[in-house]
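Engineer: quick check, what structure comes out for this input:
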Amino acid sequence: MSTRGLCLEDCLEDSPQTRALIGVYEQDSTIFLEFIQSLRNSYQEVADKQNQLALATNSLSNKLKQFSNLSFSLNIVVEDLSSTVNKLAVKVDEIAMINKIAHGELIENLNGPHSQFGEQDFDEFYRLKTNFHSSDKLHEDATSRLARVPKKKSNEKSWKEATDQLYATRKAFHNTSMLYCSCLNTLQKKKEIGILQPVISLLKSQISYSVLCEDHRQEWSQSVDDLSVYINKLKSEVDDSRQVSLKSIDCLDAASTRAYIPDPPVSLDFPDIPVNKTRTQISGYLFNRSRGTIMSQWNRYYFFTQGGNLMKQSKDDFGGQLCIDLEGCSIAPSDVDDRKHVFQVVSSNSKHNVVLQAESKHQLEEWIATLSNVSATLLSRRRQEQAVRSSDSSTASAGGEQDQATNQGVGQKTRSSSSSVADSLASRLKPDSITASGSSMFLRLKQAASSLVSPSEKDSPHNKDSNNSKGDAAAAAAASRSAQVANQERLLKNNSQSPSAVGDKNLHALLASNTSISFNLPKIGRLVPNDGQKESSENKSTEDEQSEHGLASSPSSDSLKQAAHKASFTSQFLGCKEIQGNNFDNLVIDETIWQIMTARALQKVMNTIEVVVAITDCDVILLNASDQSVLKVFESSTIAKTQTHAENPRLFGFIVTNDNSDPICYTFESFTSGNDVCCAINTAKAIHESKLEYEESEKQKTKEEEEDKADQSADQTTSSRMQASSEA
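Structural biologist: A predicted model of the protein is given here:
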């Protein structure tokens, strides 16, 4: 019976042998089902791991795709690497897709509609097992009730109820027993199916996985081979670079033995390092003394010279800050706090001094020599500039006195018109901060503008050959001096608004900004000689390029000589930067100077261009100081604002507007004073505007005179006709 299973005919007899055999089958099926359940759990774990692999590869692909969106601080080329990473991300996507398909097939083969052993087999066994034991108990109770029906006191109703109950329970038990035995027989036959099906499902899914991988195998193999060759090449380059670096380290270490000991003892017999006393730029770490509450403190900073300034910067700062202006400073050793190699830098007015400590005697002598060279160079240039300006002023004054008698012949009517133009100019230029004590300055500016725009005897029909250029030059010089006073008073008012408060918060904006800062000015031409000769193709192309960028054409040397107002200043060009918007407040130029100086420190740009700022009544021209080539030409009307730095008057800048692009701020460091340059530019603008207003008023006056003549002619014609008709 055990070989062919449980016999259903024996279920109704319910003998002890049948019960024992059913118990054996039941115990065997229970062990089998528990093993099948654990096997299915292991299979489900494989499917879950396959799903996790699909999710993990998909996450890896997304991470690789994010590489192209990263923003690196270093300026390195990552386009090729980004392209390669994106291609690899596509390959990883394909792997994630294959893993996802394999996971779906695993689940479908185990629990799908074509599965031959599933959850219903477990549910049927445990349900029939429970029903078999419960129906057996009910059948036993019904048999006992019928047996308890009394024989003497026979009750038809009781007997019938007991009989009906026995019939129902025995039939239910018989049916349940047959179903249960059939289920046990089926489980014995499905034993092999239950054990082999999970393994077969796993093999089928892996076959599909292998087929999908085989479709991509050749492509993946080619990518792996190419990348392996590339990686091996990179590894070889890295190894070679490492070897070169190690050799360089050994050489530098051997050559730097002397630098490791600032002041070696005599017993070591190290050679002395010669001091370079011709340097004009220097940088390095020094100790800086600061006054504390009780005693002085010494902090180590990185100091460097930039232009004519001594800058300092801590290790955590992004940019340097101004320490002291070196013009006219005295540098000498000092004996402070019982420290060696100490020297101090004292300003020209003795109000500011900086105490520094070098590491060695050699470093001390080199710093003192370099800073002294910078200070002497600045002082020499300032004296040369003052001498040139004094010579030009004397020449202009002599010319003005010589032509004074000629200028007195101007008509009263014309002077009255010119005076009104100058009045409007003075009211426009006069700042609110100027009190009544500065009224004389505006009177001088008014007189300078009036003498410039009033027609001289050269323009008079009585004497067209007279020359009035020298008188105009004297007037322009007076206007320059007046504007200088106004600008200095304006600076005294604005000095209280220091831009240092905005420095730290704008540093991150400077680093994250996409606006470029330029430290160079390319040559666009030379001064064109005004001798009537034909221009070369180079000059023509230069003028075309300038016109495209909104610049004035290259000026002629004669036009510079004949300008009514002219001045020139030697300065160092620091850089230029685009400015967003058209709201030019008092801090915009100071902030731009700070940003450009910080950018120079960050990019370690120490070289500057020495330029000559040539100013006429119409243009502002930037010339290269070495070869006098033209770098930039701006019309006076395009300069929207000019200003010196609130804390360092030698630093100045001006903003140039253009209809086709954003405004640009150009910054400089003057060898003398930035106030003089700003005053000269403002004076040139004032004279140019006065000329334009005077010409406009003359045109309007001429138009009115022509209209009056036309009206008089019409009146005469009308009166002649009326007289003729009356005589007729």
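
Engineer: could you point out the longest strand in the protein?
Structural biologist: Identified as the longest strand of the chain according to DSSP state E is strand 566-578.

Engineer: just checking: what are the partner strands of that one?
Structural biologist: With DSSP bridges as the test, strand 566-578 is paired with strand 517-518 (antiparallel), strand 609-616 (antiparallel), strand 661-670 (antiparallel).

Engineer: contacts for the second one?
Structural biologist: Pointing back at strand 609-616 there. Outside strand 609-616, the residues that touch it by CB atoms under 8 Å, 6 or more residues apart in numbering are 520-521, 555, 559-560, 563-573, 620-626, 628, 631, 636, 668, 677, 680-681, 684. C-beta: built from backbone N, CA, C; applies to glycine.

Engineer: repeat that for the first one.
Structural biologist: Counting by CB under 8 Å, 6+ apart, strand 517-518 makes contact with Gly575, Cys576, Lys577, Gln595, Ile596, Ala599, all of which sit outside it.

Engineer: mind checking the SS state of the residue lying closest to Val46 once chain neighbours are set aside?
Structural biologist: Distance criterion CB to CB, 6 or more residues apart in numbering; nearest residue to Val46, sequence neighbours excluded, is Leu202 at 6.4 Å. Of the three states, Leu202 takes helix under DSSP: H, G, I helix; E, B strand; the rest coil.

Engineer: quick one: Leu202 and Lys49 touch, right?
Structural biologist: No: if you go by CB atoms under 8 Å, Leu202 and Lys49 don't touch, sitting 11.6 Å apart.

Engineer: between the two, which is the more surrounded one?
Structural biologist: Leu202 (20 against 14; other CB atoms under 10 Å).

Engineer: now do the buried residues in stretch 609-629.
Structural biologist: 609, 611-624, 629 (16 or more other CB atoms under 10 Å).

Engineer: scratch that, stretch 80-92
Structural biologist: Buried, per 16+ other CB under 10 Å, within stretch 80-92: Ser82, Thr84, Val85, Leu88, Ala89, Lys91, Val92.

Engineer: ok, the residues you listed vs Ala376, which is closest?
Structural biologist: Ser82 (53.4 Å; CB to CB).

Engineer: related to what we said a few turns ago, take the buried residues of stretch 80-92 and keep only those in helices.
Structural biologist: Ser82, Thr84, Val85, Leu88, Ala89, Lys91, Val92 (DSSP state H).

Engineer: of those residues, closest to Gly319?
Structural biologist: Using CB to CB, these come closest to Gly319 at Ser82, 30.8 Å.

Engineer: give the contact list for the residue nearest to the closest one when sequence neighbours are not counted.
Structural biologist: Closest residue to Ser82 apart from its sequence neighbours, by CB to CB, 6+ apart: Ser68 at 4.2 Å. Residues near Ser68 by CB under 8 Å, 6+ apart: Ser82, Val85, Asn86.

Engineer: any idea how far the last one lies from Glu94?
Structural biologist: Taking CB to CB, to the nearest Å as the criterion, Asn86 is separated from Glu94 by 14 Å.

Engineer: and the helices in the stretch 601-728 of the chain, which stretches?
Structural biologist: Ranges of helices within the stretch 601-728 of the chain are 674-727, based on DSSP state H, counting those that start in this stretch.

Engineer: any weak-confidence spans in it?
Structural biologist: 728 (pLDDT under 70).

Engineer: one more: the chain?
Structural biologist: Low-confidence segments of the chain (pLDDT under 70): 1-4, 73-78, 110-118, 153-154, 292-293, 396-515, 525-565, 728.

Engineer: against the centre of it, work out the most remote residue.
Structural biologist: Most distant from the centre of the chain: Lys152, at 112.8 Å, with distances by CA atoms, centre = their mean.

Engineer: helix, strand, or coil at that one?
Structural biologist: Lys152 ends up coil, using three-state DSSP.

Engineer: switch the contacts of Ser68 over to a markdown table; also include distance to Gly328.
Structural biologist: Shown next, in a markdown table, are the contacts of Ser68 (distance: CB to CB, whole Å):
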| residue | distance to Gly328 |
| --- | --- |
| Ser82 | 55 |
| Val85 | 59 |
| Asn86 | 61 |
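
Engineer: what is the nearest of these to Leu246?
Structural biologist: Val85 (30.7 Å).

Engineer: count the residues that sit near the closest residue to that closest one other than its chain neighbours.
Structural biologist: Nearest non-adjacent residue to Val85, counting by CB to CB, 6+ apart: Phe67, 4.8 Å away. Look at Phe67: counted by other CB under 10 Å, it has 15 neighbours.

Engineer: what about Phe67, which SS state?
Structural biologist: helix.

Engineer: also Glu366?
Structural biologist: Classified using three-state DSSP, Glu366 is helix.

Engineer: can you count the residues close to it?
Structural biologist: Look at Glu366: counted by other CB under 10 Å, it has 20 neighbours.

Engineer: now it. Nearest residue, chain neighbours left out?
Structural biologist: Nearest non-adjacent residue to Glu366, counting by CB to CB, 6+ apart: Val275, 5.3 Å away.

Engineer: and the gap between that neighbour and Ser360?
Structural biologist: Distance of Val275 to Ser360, computed by CB to CB: 11 Å.

Engineer: try Gly5
Structural biologist: From Gly5 to Ser360 the distance is 105 Å (CB to CB).

Engineer: that older thread, are any of the contacts of strand 609-616 buried, and which?
Structural biologist: 521, 555, 560, 563-573, 620-624, 631, 636, 668, 677, 680-681, 684.

Engineer: got the end-to-end distance for stretch 252-259?
Structural biologist: 11 Å (CA to CA, to the nearest Å).

Engineer: so what touches that stretch?
Structural biologist: With CB under 8 Å, 6+ apart as the test, stretch 252-259 has contacts from Pro264, Phe270, Pro271, Ile273.

Engineer: switch the cut-off to 7 Å
Structural biologist: Stretch 252-259 has contacts (CB atoms under 7 Å, 6 or more residues apart in numbering) with Phe270, Ile273.

Engineer: distance between that stretch and the chain's centre?
Structural biologist: Computed by CA atoms, centre = their mean, to the nearest Å, the chain-centroid distance of stretch 252-259 equals 39 Å.

Engineer: which residues of the stretch 301-450 of the chain fall in helices?
Structural biologist: 361-402, 404-407, 412-429, 439-453.

Engineer: one more: the stretch 151-300 of the chain?
Structural biologist: 156-189, 191-255, 257-260.

Engineer: of the ones you listed, give the one that comes closest to Thr642.
Structural biologist: helix 257-260 (46.9 Å).

Engineer: buried ones in that closest one?
Structural biologist: Of the residues in helix 257-260, none is buried (16+ other CB under 10 Å).

Engineer: all set now, cheers.
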